[in-house]
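Visitor: coords please:
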Amino acid sequence: QVQLVESGGGLVQAGGSLRLSCAASGRTFSGTAMGWFRQAPGKEREFVAAISWSGAMTSHAASVKGRFTISRDNAKSTVSLQMNSLRPEDTAVYYCAVRLTSQLPLGTERAYDYWGRGTQVTVSS
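Guide: Just a heads-up that it's a prediction; the model follows:
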């Protein structure tokens with residue numbers, strides 16, 4: 001069994017920053033990639049960022065590139081998302097996910113095997 005628990009969400013004014021964290025437990029994550037997705041009210045869940053096991057490869061959606069940064073600490077089994085220059089359109093529930101064996105692209109929702117329950121991020125204008 002795998003558990004992913006997100007934290008760090010909240011309410012922030014436009015232009016502000018938040019740092020989301022996701023703690024993983026339940027099995028070894030050696031070799032796995034991890035990602036962040038988000039879902040705004042009335043919209044489909046969308047890719048935000050992903051990172052390889054070593055951290056050498058990262059990918060960010062065009063809408064967040066230059067503002068958000070994904071990172072991971074394998075010793076602590078955590079992945080983080082630093083979000084700067086937040087905009088009202090970043091308001092969403094943010095989910096972390098882990099890809100165990102799939103070879104699908106990291107930006108693909110179906111590539112991920114386990115998901116957290118999400119953390120709410122609200123950006124006021």
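Visitor: So, low pLDDT: which residues of the chain?
Guide: Within the chain, the stretches with pLDDT under 70 are 28.
Visitor: partners of the residue most central in space within it in the sheet?
Guide: The centre of the chain sits closest to Trp36, judged by Cα atoms, centre = their mean, with a distance of 2.0 Å. In this entry, Trp36 is beta-bridged to Ala49, Cys96, by DSSP bridges.
Visitor: gap between it and Ser54?
Guide: 18 Å (Cβ to Cβ, to the nearest Å). Yep, even glycine has a C-beta here, placed from its N, CA and C like the rest.
Visitor: secondary structure class for Arg110?
Guide: helix (DSSP: H, G, I helix; E, B strand; the rest coil).
Visitor: Tell me how many other residues crowd it.
Guide: 9 (other Cβ atoms under 10 Å).
Visitor: Leu11 too?
Guide: 12.
Visitor: is it true that it touches Pro88?
Guide: No. Using Cβ atoms under 8 Å, Leu11 and Pro88 do not qualify as a contacting pair, with a distance of 11.6 Å.
Visitor: Which neighbours do the two have in common?
Guide: 123-124 (Cβ atoms under 8 Å, 6 or more residues apart in numbering).
Visitor: Return the set of buried residues in stretch 100-113.
Guide: 106-107, 111-112 (16 or more other Cβ atoms under 10 Å).
Visitor: Turn these into TSV, columns for distance to Arg19.
Guide: Putting those into TSV (distance: Cβ to Cβ, whole Å) gives the following:
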residue	distance to Arg19
Leu106	21
Gly107	22
Ala111	24
Tyr112	21
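Visitor: Enumerate every residue touching Thr91.
Guide: Going by Cβ under 8 Å, 6+ apart, the list of residues near Thr91 reads 40, 121-123.
Visitor: let me fix that: Arg67
Guide: 83-86.
Visitor: Please report how far Gly9 lies from Ala111.
Guide: 23 Å.
Visitor: for Val98, same thing?
Guide: Counting by Cβ to Cβ, the gap from Val98 to Ala111 is 10 Å.
Visitor: Give the residues shared as contacts by those two.
Guide: With Cβ under 8 Å, 6+ apart, Val98 and Ala111 have common neighbours Gly35.
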